[in-house]
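Participant: Fold the stuff below for me.
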Amino acid sequence: MTAMQILFLGVGIAAVLSAMLVVTVRNLIHAALWLVVTLFSVAITFVLLDAGFLATVQVVLYIGAIAILIIFGIMLTRRVMMSDVGPQVNASWWLGALLSILLFATVTWVVLQMDWPSLPTTDLSMTLNELGHSLVDPDKYVLPFELASIMLIVALIGAIAIAWPGKESQ
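Facilitator: Numbering: from 1, shown residues only. From the prediction side, this is the model:
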């Protein structure tokens, strides 16, 4: 194995382990910080695959915006979480685990059954100008781009609404 392959394998293992910690740790702040580690591992993977622009977008957009928004949301709702004295574990967790395993098996089966076309031999690189135009072109990526921004705004408004002191606390 070359050094690059070992580094790639190490980053992949770090991404998988930190992703597992995101869903298994009990402290929400720690889960959000493990999410940052996972996203940073993905950014390193992009660098190793010579996709510098995607690595930059990963760091700026996902780590710099989404993960920080999640951490702010957790910090804003901490008071609400402290007053929650109910059980923190869902009694039917096994159903969610079973459905997740079935979904994973189904997606794996579908992916293995597909007839994947071979990659063209032409250059697949896209200039930043073309990428910018494709993000605002109605026939390409403008809808997912705008939906992501709307979801972020809704999450921020939801976090503020939950954290806002109500009349019952006065």
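Participant: Follow the chain on from the helix or strand of the chain with the lowest mean pLDDT and name the next helix or strand.
Facilitator: The weakest-scoring helix or strand in the chain, judged by mean pLDDT, DSSP states H and E, is helix 78-83 (a mean of 61). Under the assignment DSSP states H and E, the closest C-terminal helix or strand after helix 78-83 is helix 93-113.
Participant: Report the next helix or strand after that following helix in sequence order.
Facilitator: Taking DSSP H and E, what comes next after helix 93-113 is helix 128-136.
Participant: now whichever helix or strand comes after that following helix and helix 128-136, what's the angle there?
Facilitator: Toward the C-terminus, helix 128-136 is succeeded by helix 142-163 as the next helix or strand (DSSP H and E). On the basis of axes from the mean of the first three to the mean of the last three Cα atoms, to 10 degrees, helix 142-163 is oriented at 60 degrees to helix 128-136.
Participant: And helix 142-163, what does it pack against?
Facilitator: Contacting helix 142-163 under the criterion 3 or more Cβ pairs under 8 Å, 6 or more residues apart in numbering; DSSP states H and E are the following elements: helix 68-76, helix 78-83, helix 128-136. All C-beta atoms are positioned from the backbone trio N, CA, C, and that covers glycine.
Participant: next one: the last one to chain centre, how far?
Facilitator: Mean-position distance between helix 128-136 and its chain equals 23 Å (Cα atoms, centre = their mean, to the nearest Å).
Participant: for that helix, packing partners?
Facilitator: So helix 128-136, by 3+ Cβ pairs under 8 Å, 6+ apart, packs with helix 142-163.
Participant: mind listing what's buried in the helix it packs on?
Facilitator: Using 16 or more other Cβ atoms under 10 Å as the test for burial, helix 142-163 gives Ala159.
Participant: ditto for stretch 40-55
Facilitator: For stretch 40-55, by 16+ other Cβ under 10 Å, it's Phe40, Ser41, Val42, Ala43, Ile44, Thr45, Phe46, Ala55.
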